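[1] Sequence first, then the predicted structure, then my questions.
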Amino acid sequence: MLDRLGQIEREALAQLEAIRTSADLQTWKVNHLGRSAPLAQILDGLRELPKDQRPAVGRRANEVKAGLEQAFAGREEALHREDLDRSLAGQRLDVTLPGRPPNRGRLHPSTRTLREIIDIWAEMGFQVYRSREVETDEYNFGLLNMPRHHPARDMQDTFYTTDPEVLLRTHTSPGQIRVMRERAPEPIRVVLPGMCFRYEQITVRSEIQFNQIEGLAVGHHITLADLKGTLSAFARRTFGQNVRTRFRASYFPFTEPSAEMDVECFVCGGAGCPVCKRTGWLEILGSGMVHPTVLQNGGYDPELFSGFAFGMGPERITMLKHGIEDVRYFWGNDLRFLSQF
Amino acid sequence: MKVPLSWLREFVEIEVSIMELAQRLTVAGLEVEEIRHVGLPFDGASPATRQETRVWGIAWDPGRIVVGEIREVMPHPNADRLVLTRLYDGEREHTVLTGAPNLFEFKGTGPLERPLKVAYAKAGAEIYDGKQAGWEKMILKPAVIRGVESSSMACSEKELGISDDHEGIIFLDDAAVPGTSLVGYMGDAVLDIAILPNIARAANVLGVAREVAALFALPLKEPSYEVNWQGPAIEGRVRLEIREPELNPRFVLGLLEGVRIGPSPYWVQRRLRLAGMRPINNIVDATNYAMLEIGEPLHAFDYDVLLRRAGGKPPTIITRLPEEGESLTTLDGVARKLDNFTILVADSAGALSIGGIMGGAESEVSSSTTRVLLEGAAWNFINIRRTSAAQALSSEAAYRFERGVHPAMAERGVRRGLELMRRLSGGQPAQGLVDAYPRPPQPTPVAVSPADAQRWLGVRLGTEEMAKLLGRLGFAVETSSDSVRAIAPDHRLDIGSGVVGQADLMEELARVYGYDRIPETQIEDRIPPQYGNPELEAEERARDLLIGMGLQEVVTHRFSSAEREAAQLPGSAASVRLLNPISQDRSILRKSLLGGVLEVVQRNDRVSDRLAFFEIGPVFLPVEGSQLPEEPTRLAIALRGPSRDPGWLDPTPPRMGFYDLKGIIEGLLDGLHLPPAAYEPAEHPMYHPAKCTRVSLGGRPLGLAGEIHPGVAEGLGLQPYPLTAAELDLGAILKAVPPRYPVRAVPAFPPVLEDLAFIVGSDVSGERVRSLIQEEGRPLVQEVRLFDLYQGESIGEGKRSLAFSIVYQAPERTLTDDEVAKTRERIVRRVSTELGARLREA
């Protein structure tokens, strides 16, 4: 009887192995695990067996039954998986076809650069102060230590309005006076971003409007060394931790001493390339200690207060960073330019 | 200011390379913009000059370019326009072929009594090609020209890179020794230095030399101001009268007799050319040489012309303002009407020159001049600027005087000029000067202390070191235990008094000490009070929302034309007008953003199918009674084309129209946590009469949105797709942004969802129906959303069906069917009676 059980088991498992469809699987189940299957008959006929054989045959028969049920379940699942696999394989996509493009909006590159610069200064405690674009001669020049006929006015070609006292600001510096007058005698740390205007021909290299971002710090103990340290920190933060900077004496009527800062060319690392015109340095920033006359005009006693100011051009920085050679792209708003940012 | 190195070396012994010199000058604020080699070798790479610095030119091969001596000029056997020369190069004689026209006068005159010293280039030498425009280098190769072997040449200035003169070969001064390498004899390099307003005193070779001496702690060799007086005294031969001492604080005259006008020696001509001036004759050249050298512009009058104008009597030089209607013809041949502030140099017969700017034609030095009256003066720099601007007249003299020249330089200038003229023209300087000096400047001492240096520069400097640094720049210094008193030298006018003077001295200290040596520190002060910037934050949030909805930000010019603005704002005349526009279409400031954004659409029409732009920026609105315009911030949006870029998945996406635009406005306001705006039909010539809305928020109008009028779009060349656009008062929107907004709890009980469709007359607005449902459904109705709109025969003409999905919800319990049914009945009743609506049965 035990041999018979072994044979039933072997035959059933061999048949199961060959089954490929669920219909055959159901037939197999009826044939081998059904009520009239040989195994069921053996179990039903246990009582007929001699007493001494019953336990062994019963145990073995149940073992075979459990084994077949388990094999059935495994086979059933495998068949199911094969069906699914077959059906999924038929749904194969051409994964190389392009995806559905989302409508992606973009900031104007000047906005992007301004935000980056403003964010860095914000980390260093400088908050944004914005002021008007149409200014008086007094705020744009006079209060900034550029009286009428001052030679420094030559450095800035100005758009005047039909009111001779009103002009388009040539720099964001009038905002220095405005913020000082608003906050004196509190110490100040602000950045002043915004559009400025110069009377020029529009060419590859010059525009009649451009953004500027200027910084101003006024306090009791602010030195040229602080200016140097602060601007170097900004340069490292903007252009890389190891970037070298260089300060040169310069002239701006509203600062004294004045300085320009060059940073090591971030394109070639100082080795010399077309972007830095093979000098290894990029000019990015003008700066200086706030002129005592300007401090005074802002409402601060220059004997007690000192300050520094600096200014840079976001468009110029954008051009340097991305190798853009034509400044007219910025207000030309051609999508072929804008969509690259 | 173009500074030949050889000239600079007369005043200071430079020990460093050209590059190092340029670097140090640049760091000290004398920006070297160009280094042009004129013979001297290039000394290595340029690690340190300014980014814009251009280094170029030519190095003369010392073995191949030498001083030569032409001993005879002979005709060429086969060519009229060529000559053969017998040229000695220090070792042997060669036959050298040349076509230089300035040799023709010597042709066939036999061995020259006075041999001609020339610049001689041998085969293999690199020179510039004299025949080509621009600066093309070439190597001199042996060649046969018209049957004569030619492997070397006598050079023109162009071929050596001195100037663009290729008219003839250079004749060197007689003292040149044949065979000497030319680079050793006169090799040079020219530094072109940008003269910023604070270093006007360095607009001359001596001024630059002074800076070099100070920066490298080298001694300065001042030129001699001694004059070799030879003639009778000047006294009594010219009188001087200054009528406006404020405008003309000093006037100095010298007299030179027995002058022979002729060309200057070659070394003078060469230096003038290298410095960018044209040699004229020995007298004019002497005035220019002195000006370039020490910075005092001089003017030479023909003394005999002045005598004649004075009727043979000693002339009186008068400096004064013009008389009513007075005019003068200046050296450039222009007859000039004089402004009432123009300071004139005149005599009893009338105006002679515009003081400090340009001489008059009549009294200028001519080829027959034998006596020269030499003027050196000081002028008020502001008045010179004003005059030069008013007359649109610039000159080397004006360039210097309008930046300020110290009156002490007037006398030095005349002395230096007289001595140069004596040497160049053989004239005899009359003994003494006539000098009127009504307004000598009173230099104010400025005291600075180590504490000041610490406070301004953050640098620890002792009094001794401060005194030393300032002393190197020529300041007279007195040191006490805790401060240094400094008086500015009498060649500079830029040091102020009091705290301004202190700042001036700090700059000088920093420059000489070296900007590169100043340490890098961080501000010690506490961070100042911080002020929020909610409007800027909200503006940036608006930008992010708009790009999140797929719009591209643009920034356009603030400039516009009257026509463009009139189209946007018919009937609004006032605008900010420019006095000096660059063109008519940019002659005013914009009063609206839309025109600019529509131009962007136009420009990109052929670039992309889908165009979705916005701009945020100010417009400029004049305000009655106010000097400055208002600058409110606006937002403009323009949409055109398919709602997404067509592709293989969706070849024909729907076109954007009015409701896409409105969706963006709704999305923006919602994203800013503002309540929905109100929309009512509006009309404006820019817009489609039936597809335009006025947008208002809390009763405040924000602007218009709609489809651009097809006629306007056609005018822009933008047929046939619809173009929708809006311009809104973003400033008002941002002001309304709440500082904070509550977030409601997520309902814990299930809502009841239900759809209701009403058939109403077509003239009843959808919003009317929706808000009525919402209002009547209180408090259970939480949301009413239109999900379908139908018009058709089945519901009758002049009607439409609006289907809403309605969310009923109570926060604290599950609603019963009965509650919902009651609310629904109320809604249906109210909408039916108030709007004549009929419930559409499913």
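    Perfect, thanks for sending it.
[2] And A:Met195, its phi and psi?
    Here is the backbone geometry of A:Met195 (degrees, to the nearest 10): phi -80, psi 140.
[3] Number of residues surrounding the closest residue to B:Asn380 other than its chain neighbours?
    Distances taken as Cβ to Cβ, 6 or more residues apart in numbering or on different chains place B:Leu247 nearest to B:Asn380, at 4.6 Å, with adjacent residues excluded. Placement of C-beta: from N, CA and C, glycine included. B:Leu247 has 23 neighbours, counted by other Cβ atoms under 10 Å in any protein chain shown.
[4] remind me which residues of chain A are low pLDDT?
    Low-confidence regions of chain A, defined here as pLDDT under 70, cover residues A:151, A:154-156.
[5] Show me how it divides into domains.
    What the record gives for chain A is the domain set A:2-89, A:109-338, from automatic domain parsing.
[6] where exactly do the helices run in the stretch 1-150 of chain A?
    A:2-18, A:22-33, A:38-44, A:54-89, A:109-123, A:137-140 (DSSP state H, counting those that start in this stretch).
[7] what packs against the first one?
    In this case it means helix A:2-18. Judged by 3 or more Cβ pairs under 8 Å, 6 or more residues apart in numbering or on different chains; DSSP states H and E, helix A:2-18 is in contact with helix A:22-33, helix A:38-44, helix A:54-89.
[8] Neighbouring strands - and their directions - for the host helix or strand of B:Leu635?
    Assigned by DSSP states H and E, B:Leu635 falls within strand B:633-640. Paired neighbours of strand B:633-640 in the sheet (DSSP bridges): strand B:611-618 (antiparallel), strand B:723-728 (antiparallel).
[9] now those as TSV including mean pLDDT and mean neighbour count?
    As requested, the strands paired with strand B:633-640 are exported to TSV (pLDDT from 0 to 100; neighbours: other Cβ atoms under 10 Å in any protein chain shown):
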stretch	mean pLDDT	mean neighbour count
strand B:611-618	98	24
strand B:723-728	97	25
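[10] which ones are touching residue 202?
    Going with chain A. A:208, A:328, B:582 (Cβ atoms under 8 Å, 6 or more residues apart in numbering or on different chains).
[11] my question was about chain B
    Counted by Cβ under 8 Å, 6+ apart, B:Ala202 has contacts B:1, B:30, B:193, B:195, B:208, B:210-211.
[12] Let me know the pLDDT of it.
    pLDDT, B:Ala202: 94.
[13] Return the residue of the chain that is most distant from the centre.
    Went with chain A since none was named. Distance from the C-alpha centroid of chain A, by Cα atoms, centre = their mean, peaks at A:Pro50 (84.0 Å).
[14] need the strands for the stretch 151-300 of chain A, in chain order.
    With DSSP state E, counting those that start in this stretch as the criterion, the stretch 151-300 of chain A has strands at A:166-168, A:188-197, A:209-219, A:245-252, A:255-264, A:281-290.
[15] and the angle from the last one to strand A:245-252?
    Computed with axes from the mean of the first three to the mean of the last three Cα atoms, to 10 degrees, the direction of strand A:281-290 lies at 50 degrees from that of strand A:245-252.
[16] So what are the sheet partners of strand A:281-290 and their directions?
    Strand A:281-290 has these strand partners (DSSP bridges): strand A:255-264 (antiparallel), strand A:306-312 (antiparallel).
[17] again with the second one
    Sheet pairing here is set by DSSP bridges, and for strand A:188-197 it gives strand A:127-128 (parallel), strand A:209-219 (antiparallel).
[18] quick one: which of those is nearest B:Glu683?
    B:Glu683 sits nearest to strand A:209-219 of all the strands paired with strand A:188-197, at 33.8 Å, using Cβ to Cβ.
[19] and that closest one, how far from the chain's centre?
    Mean-position distance between strand A:209-219 and its chain equals 25 Å (Cα atoms, centre = their mean, to the nearest Å).
[20] Could you export it as CSV, CA atoms only?
    Only the C-alpha atoms of strand A:209-219 are listed here, as CSV (Å, rounded to 0.1, in the frame of the first residue of the first chain):
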residue,chain,number,x,y,z
GLN,A,209,19.4,99.6,-19.3
PHE,A,210,21.0,97.1,-17.0
ASN,A,211,20.6,95.8,-13.5
GLN,A,212,22.9,96.7,-10.8
ILE,A,213,23.1,95.4,-7.3
GLU,A,214,24.8,97.5,-4.7
GLY,A,215,25.6,96.8,-1.1
LEU,A,216,25.9,99.3,1.7
ALA,A,217,27.1,98.8,5.3
VAL,A,218,27.2,101.6,7.8
GLY,A,219,28.3,101.3,11.4
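[21] quick one, it and helix A:109-123 angle?
    Using the same axes, to 10 degrees, strand A:209-219 lies at 10 degrees relative to helix A:109-123.
[22] Please work out how many residues are found near residue 18.
    Defaulting to chain A. Close neighbours of A:Ala18, defined as other Cβ under 10 Å, add up to 8.
[23] not quite, I wanted chain B
    Neighbours around B:Ile18, by other Cβ under 10 Å: 22.
[24] what separates it from chain A, distance-wise?
    The gap separating B:Ile18 from chain A is 15 Å, by Cβ to the nearest Cβ, to the nearest Å.
[25] now do B:Lys468
    From B:Lys468 across to chain A, the span is 18 Å (Cβ to the nearest Cβ).
[26] Give me the average confidence score over the helix or strand hosting that residue.
    Assigned by DSSP H and E, B:Lys468 belongs to helix B:463-472. The predicted model assigns helix B:463-472 a mean pLDDT of 97.
[27] Contacts for that helix next, please.
    B:213-214, B:217, B:448-450, B:453, B:461, B:477, B:479-484, B:486, B:505, B:508-509, B:512-513.
[28] Which of those residues fall in helices?
    B:213-214, B:450, B:453, B:505, B:508-509, B:512-513 (DSSP state H).
[29] Where does pLDDT dip in the stretch 101-250 of chain B?
    In the stretch 101-250 of chain B (pLDDT under 70), no residue qualifies.
[30] Mind doing that once more with 80?
    The stretch 101-250 of chain B contains residues with pLDDT under 80 at B:143-150.
[31] What is the burial count for the residue of it found nearest chain A?
    As assessed by Cβ to the nearest Cβ, chain A sits closest to B:Leu196 within the stretch 101-250 of chain B, at 3.7 Å. As a burial measure, B:Leu196 scores 20 neighbours (other Cβ under 10 Å).
[32] Can you report how many residues lie near the residue nearest to it when sequence neighbours are not counted?
    Among residues not flanking B:Leu196 along the chain, A:Tyr251 sits closest, at 3.7 Å (Cβ to Cβ, 6+ apart). Applying other Cβ under 10 Å, we find 24 residues neighbouring A:Tyr251.
[33] surely A:Tyr251 meets B:Ala194?
    No: if you go by Cβ atoms under 8 Å, A:Tyr251 and B:Ala194 don't touch, sitting 9.5 Å apart.
[34] returning to that earlier point: among the contacts of A:Ile202, filter down to the buried ones and hand me the PyMOL syntax, if you would.
    Buried members of the contacts of A:Ile202, defined by 16 or more other Cβ atoms under 10 Å in any protein chain shown, are picked up in PyMOL with:
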select buried, chain A and resi 208
